[in-house]
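# Make a model of this:
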Amino acid sequence: MLTNKTLSVKKFLLLTFSVIVVAAVVAHSAWIAVAPNWSFVVVIDKSAYKLGESVQITVSLRNLGFIPHSFTSSCSDPIAVSVSHVYEKDPSIWAQVWYSSYYDSQTEFTIGPHQSLERTFVWNQTNIYHPQEKIDKGTYLIEALIPSAGSFTQPVRVDNAFFWDSIRINITAT
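Below is the predicted model of the structure:
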């Protein structure tokens with residue numbers, strides 16, 4: 001037969017366990033509510049292009065969280081885009097042909113819950129290093145990134161990025 005003392009100990013243990021479980025659930029829920037949750041994507045307006053067609057590149061950083069979140073970028077815009085020609089014989093090698101302009105200026109950005117920072121770029125299929133030459137048909141890698149603050153390295157690179165995404169496109173003959 002259970003005594004009142006045994007019953008009290010069981011009630012105390014059950015109450016203690018319940019309080020611990022509730023506290024853990026509340027702490028976890030609060031962490032989920034305040035933790036940054038981002039989506040960063042680069043998209044293009046078509047899947048394939050002919051030589052000479054402009055390529056519209058849209059880059060979006062979306063705050064999927066429940067509160068505003070901030071970050072500090074080393075660029076004032078803060079999104080930078082690069083286009084590189086992928087060599088057909090060795091797809092692991094590519095050469096940059098274009099990049100968006102950017103300005104070194106450490107800048108803080110705040111994005112509200114379920115809001116986006118979106119930028120659109122247009123690459124007119126020119127080679128920024130050799131503007132008098134036409135580009136070749138083939139595969140091109142488009143990379144978008146947001147460089148982190150304190151990464152004032154030239155040029156802006158993937159290894160110093162808060163956010164990074166890429167997409168490949170094919171350019172065919174006219």
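# thinking residue 133 is in contact with residue 127, fair?
Yes - with contacts counted by C-beta atoms under 8 Å, residue 133 reaches residue 127, the gap being 5.7 Å. Every residue, glycine included, has its C-beta placed from N, CA and C.
# so what's residue 111 up against?
61-63, 68-70, 117 (C-beta atoms under 8 Å, 6 or more residues apart in numbering).
# from those residues, which two are the most distant?
Farthest-apart pair in these is 62 and 70; separation 14.7 Å (C-beta to C-beta).
# helix, strand or coil for residue 11?
Under DSSP: H, G, I helix; E, B strand; the rest coil, the three-state class of residue 11 is helix.
# what's around it, how many residues?
Using other C-beta atoms under 10 Å, residue 11 has 10 other residues around it.
# which strands and helices sit next to the strand or helix carrying residue 72?
Secondary structure from DSSP states H and E places residue 72 in strand 69-75. Under the contact definition 3 or more C-beta pairs under 8 Å, 6 or more residues apart in numbering; DSSP states H and E, strand 69-75 sits against strand 104-111, strand 138-147.
# Tell me the buried residues in stretch 59-76?
Buried residues in stretch 59-76, counted by 16 or more other C-beta atoms under 10 Å: 59-63, 65, 69, 71, 73-75.
# what's the average pLDDT for that stretch?
When pLDDT is averaged along stretch 59-76, the result is 90.
# so residue 95 is in which element?
In this structure, residue 95 sits in strand 94-99 according to DSSP H and E.
# buried stuff in that strand?
Going by 16+ other C-beta under 10 Å, strand 94-99 has these buried residues: 94, 97-99.
# Looking at residue 133 and residue 127, which is more packed in?
Taking neighbours as other C-beta under 10 Å, residue 133 and residue 127 compare with residue 127 leading, 17 against 10.
# Spatially nearest residue to the more buried one (excluding sequence neighbours)?
Spatially, and ignoring its direct neighbours in sequence, residue 127 is nearest to residue 97 (4.5 Å; C-beta to C-beta, 6 or more residues apart in numbering).
# Pull up the distance across stretch 119-138, start to finish.
End-to-end distance for stretch 119-138, by C-alpha to C-alpha, to the nearest Å: 26 Å.
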